[in-house]
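Visitor: Need a 3D model of the sequence below.
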Amino acid sequence: MDKTCGIAAGATVQDFNGTSNGGSGTTAAERLGVEDDLRQHALAALWKWRDYAANPLLDPDTAEACRVTARSCEWIVADLSVPSPVG
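Guide: Numbers count the residues shown, from 1 in each chain. Below you'll find the predicted structure:
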């Protein structure tokens, strides 16, 4: 296991099943698997997936899947940073 993010050498996309803080749904809360402090959870998920993606022990497909997940977290953080229109 890698000491920085707990990934075994040679890990594949299938090894990440169940580690994505939710991962399904259409709202930020559903995607993150939480109901409160969405921004805090989104930032934590973003850093987690960035760390995973940077792990040199991952095969290229798994690293790319981690980068895609990190980009999804970036969109959630950006969306949560934009104030709702008044109206």
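
Visitor: Run a quick check on residue 63 versus residue 55, I expect a contact.
Guide: Yes. Assessed by CB atoms under 8 Å, residue 63 is found in contact with residue 55 at 7.2 Å. Bear in mind the C-beta positions are built from the backbone N, C-alpha and C, glycine included.

Visitor: So which elements touch the longest helix seen in the chain?
Guide: Taking DSSP state H as the criterion, the chain has its longest helix at helix 60-81. Applying 3 or more CB pairs under 8 Å, 6 or more residues apart in numbering; DSSP states H and E, we find helix 60-81 packed against helix 28-32, helix 38-53.

Visitor: now residue 46: how far from residue 85?
Guide: Residue 46 is 25 Å from residue 85, where distance means CB to CB, to the nearest Å.

Visitor: the more surrounded of the two?
Guide: residue 46 (19 against 5; other CB atoms under 10 Å).

Visitor: How much space separates that one from residue 54?
Guide: From residue 46 over to residue 54 the distance is 13 Å, taken as CB to CB.

Visitor: do residue 75 as well
Guide: 19 Å.

Visitor: on that earlier part again, out of the helices and strands packed on helix 60-81, point me to the one whose mean pLDDT is lowest.
Guide: Mean pLDDT is lowest for helix 28-32 out of these, coming in at a mean of 70.

Visitor: still on that earlier bit, which one of the helices and strands packed on helix 60-81 lies nearest to residue 79?
Guide: helix 28-32 (6.6 Å; CB to CB).
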